[in-house]
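> My questions concern the predicted model and sequence given below.
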Amino acid sequence: REHRQHRHSTGKDRLICHLFEAVCAFEMKLNLFATQLKKGNLTHFPTCQEAFAHKNYNWSRHSCVLEDLKLAFSARFGQFRNEQATLQLLADPFSVDTETVPGELQLEIIELKCSTAMRTKHREMPLLEFYQSLDREQFPNLFANAQKWISMFGSTYICEQMFSLMKLNKSPLRTRLTDENLQAVLRLATTSLEPDINQLVSERRFNIS
């Protein structure tokens, strides 16, 4: 379960609002697990349920471990709870109360909510693409706010990915790998490239024999 949670809450193009939602969901699950364990309910622990099917075991002591883990999560991500309203604004600007957002965003939020086209884009596009599609002149403050929060963890993920790939490629078996070649390998490995084959072919001049 912990491994699945880690995969769900990390990765490329995962925005900070999505990560916070995953953390909140995990904390709620921990609370559910702890409550059920106190009652001996093993619904979400199938392995334990199978192993102790015919044994009378006191599971209440294990619920304390889950409660401690929940407290650790709350302490670790407490700072983000102070920004919960801002993260909600980032995730769904159409659902927030206009009077509760910062003053410089209020008029832009009203214009955004009244735009059928933008509401459709928000519903059909990935969140990152939605903010990229904002008119910078019409929504300058809203775009700047999104840019600030979206870039918060994106650069962190790229750095982690870069160091992981560097360690993988600079192995003892590749002692002749130059810095120039390593840079090229890392650039290819960390960049999503989709070559336009038709465009490349159209730009070439072929000699017909």
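All right, it came through fine. Numbering: from 1, shown residues only.
> remind me, longest helix of the chain?
Secondary structure of the chain per DSSP state H: the longest helix is helix 140-169.
> which is the next helix or strand following it?
helix 179-190 (DSSP states H and E).
> Kindly provide the distance from the residue lying closest to Met152 once chain neighbours are set aside to Asn145.
Nearest non-adjacent residue to Met152, counting by Cβ to Cβ, 6 or more residues apart in numbering: Ile16, 5.2 Å away. Every C-beta, even on glycine, is put in place using the N, C-alpha and C of the backbone. As defined by Cβ to Cβ, to the nearest Å, Ile16 lies at a distance of 12 Å from Asn145.
> and what of Thr98?
Counting by Cβ to Cβ, the gap from Thr98 to Asn145 is 14 Å.
> how about the residue nearest to Leu142 when sequence neighbours are not counted, what does it touch?
Counting by Cβ to Cβ, 6+ apart, the nearest residue to Leu142 once its immediate chain neighbours are dropped is Glu108, at 4.6 Å. Counting by Cβ atoms under 8 Å, 6 or more residues apart in numbering, Glu108 touches Gln138, Phe139, Pro140, Asn141, Leu142.
> In which helix or strand does Glu108 reside?
Using DSSP H and E, Glu108 sits within helix 103-113.
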